[in-house]
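One predicted model, sequence on top.
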Amino acid sequence: MHLQQELRETSIHGTLDFPLHIYSKQKPNGYHVGFHWHKEIELIFVEAGELVLALDSEVHLLQAGDIALINAEDLHQLSASGSSFHHAIVFHPKMFGFDYPDAIQTHYIRPLISNKVRFRSVHELPNAVRLQLRTYIQEIIQHYEEANQLKLFHVKTILFQLLYVLFKEDVFEPVQPEMKRKQANIQKILTYITEQYATKITMEDLAGIVQMNTSYFSRYFKSVIGVSPLHYLNQYRCEQAAILLRETDYLVLDIALMTGFDHFSYFIKKFKQVKQMTPSEFRKAHAAFSSHRV
């Protein structure tokens with residue numbers, strides 16, 4: 001079974017003439033989307049439950065009613081251990097562009113579209129501002145589902161209102177060249193792990209990709225992702241193993257080997273750390289087959 005997934009999303013969200021789509025995810029038994037990035041901006045609203053968002057080397061606990069804003073090209077990961085329901089509004093910043101090059105286009109819109117400015121964490125904003133942004137996000141979700149020809153007009157109007165609030169609250173900051181270089185380096189590492197996780201990977205292999213010594217590389221990686229390279233590698237392998245446990249009836253031992261674990265006991269230990277249960281318990285809890293071989 002081919003499990004590799006693209007960390008950099010290249011698909012069009014929405015349509016060519018309206019590049020916005022809302023993804024509503026209601027998951028009763030946990031949720032996980034590993035680190036990835038895309039050229040679109042993403043707005044998240046948590047309807048129920050709790051989600052953990054890893055973004056900008058920080059980890060945020062999002063609870064019911066919370067929102068999050070993710071810049072284009074930012075590495076991020078979203079997960080939940082229990083039942084959760086959230087909406088993700090994903091849209092291309094070019095939606096804010098217009099043909100006439102007035103002062104608004106020049107000073108506000110163009111830097112955003114060209115990824116020269118980024119907004120800071122929404123957690124830094126006053127509560128009243130977060131509530132206002134949440135109202136706009138909820139209105140976008142509501143009107144996006146309407147069955148009338150003007151709904152897209154309405155959605156875009158609300159997006160501009162939201163953008164106005166962000167500029168009014170001065171949450172934008174210049175994108176620093178060093179930040180771009182660091183993200184590009186980490187993206188190379190994550191892509192390599194995605195492609196090679198089933199094989200033996202050493203810290204020397206990963207550090208060599210960005211031409212660093214292993215000790216400095218480990219600190220460098222953790223400063224962006226929030227965990228060590230080895231921790232991330234084991235977590236990624238366990239998530240791939242979880243897919244196989246849910247969707248196939250392969251032996252647990254075979255799954256361990258298929259996902260890059262040389263020692264079965266080590267696989268059991270790391271899987272339990274990630275999923276809070278053994279592989280066999282996980283398979284039973286997420287049974288997709290009438291019979292399983294373990």
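Yep, that arrived. All figures in this text were calculated on a predicted structure; none of them were measured in a lab.

Name the residues that touch stretch 264-279?
81, 234-235, 237-239, 241-242, 245, 252-253, 255-256, 259, 261, 282, 285 (Cβ atoms under 8 Å, 6 or more residues apart in numbering). (Each C-beta comes from the backbone N, C-alpha and C, glycine too.)

Any quick PyMOL command for the buried ones out of these?
The buried residues among the contacts of stretch 264-279 can be selected in PyMOL (16 or more other Cβ atoms under 10 Å) with this line:
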select buried, resi 234+235+237+238+239+241+242+245+252+255+256+259+261+282
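
List the buried residues in the longest strand belonging to the chain.
Longest strand in the chain, counting residues (DSSP state E): strand 41-55. Buried residues in strand 41-55, counting neighbours by 16+ other Cβ under 10 Å, are found at 41-46, 49-55.

Helices of this structure, residue ranges please.
Counting by DSSP state H, the chain has helices at residues 103-104, 110-113, 127-144, 151-168, 177-196, 203-209, 214-225, 229-247, 252-258, 264-275, 279-285.

export those helices to CSV and tack on mean pLDDT and distance to residue 91?
Below are those laid out as CSV (pLDDT from 0 to 100; distance: least, Cβ to Cβ, whole Å):
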stretch, mean pLDDT, distance to residue 91
helix 103-104, 94, 19
helix 110-113, 94, 12
helix 127-144, 95, 9
helix 151-168, 95, 7
helix 177-196, 92, 21
helix 203-209, 97, 32
helix 214-225, 93, 25
helix 229-247, 96, 27
helix 252-258, 98, 37
helix 264-275, 97, 32
helix 279-285, 94, 35
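
how about those, which one is nearest residue 22?
Across the helices of the chain, residue 22 has its closest neighbour in helix 127-144 (5.2 Å, Cβ to Cβ).

Send me the closest one as PDB with only the CA atoms.
Taking Å, rounded to 0.1, in the frame of the first residue of the first chain, the C-alpha atoms of helix 127-144 are listed here in PDB:
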ATOM      1  CA  ASN A 127     -10.300  39.000  23.500                       C
ATOM      2  CA  ALA A 128     -12.800  41.500  21.900                       C
ATOM      3  CA  VAL A 129     -10.900  41.400  18.600                       C
ATOM      4  CA  ARG A 130     -10.800  37.600  18.600                       C
ATOM      5  CA  LEU A 131     -14.500  37.500  19.200                       C
ATOM      6  CA  GLN A 132     -15.000  39.900  16.200                       C
ATOM      7  CA  LEU A 133     -12.800  37.700  14.000                       C
ATOM      8  CA  ARG A 134     -14.700  34.600  15.200                       C
ATOM      9  CA  THR A 135     -18.000  36.200  14.200                       C
ATOM     10  CA  TYR A 136     -16.700  36.900  10.700                       C
ATOM     11  CA  ILE A 137     -15.400  33.300  10.300                       C
ATOM     12  CA  GLN A 138     -18.800  31.900  11.500                       C
ATOM     13  CA  GLU A 139     -20.600  34.200   8.900                       C
ATOM     14  CA  ILE A 140     -18.300  32.900   6.200                       C
ATOM     15  CA  ILE A 141     -19.100  29.300   7.100                       C
ATOM     16  CA  GLN A 142     -22.900  30.100   7.200                       C
ATOM     17  CA  HIS A 143     -23.100  32.000   3.900                       C
ATOM     18  CA  TYR A 144     -20.800  29.600   2.000                       C
END
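
Need the distance between the two termini of stretch 159-177.
Distance between the two ends of stretch 159-177: 28 Å, counting by Cα to Cα, to the nearest Å.

And for that stretch, what's in contact with it?
Applying Cβ under 8 Å, 6+ apart, the contact partners of stretch 159-177 are 20, 43, 69, 91, 95-96, 108, 112, 115-120, 122, 124-125, 129, 132-133, 136-137, 140.

Ok, stretch 209-221 next?
182, 185-186, 188-189, 192, 203-204, 206-207, 228-229, 232.
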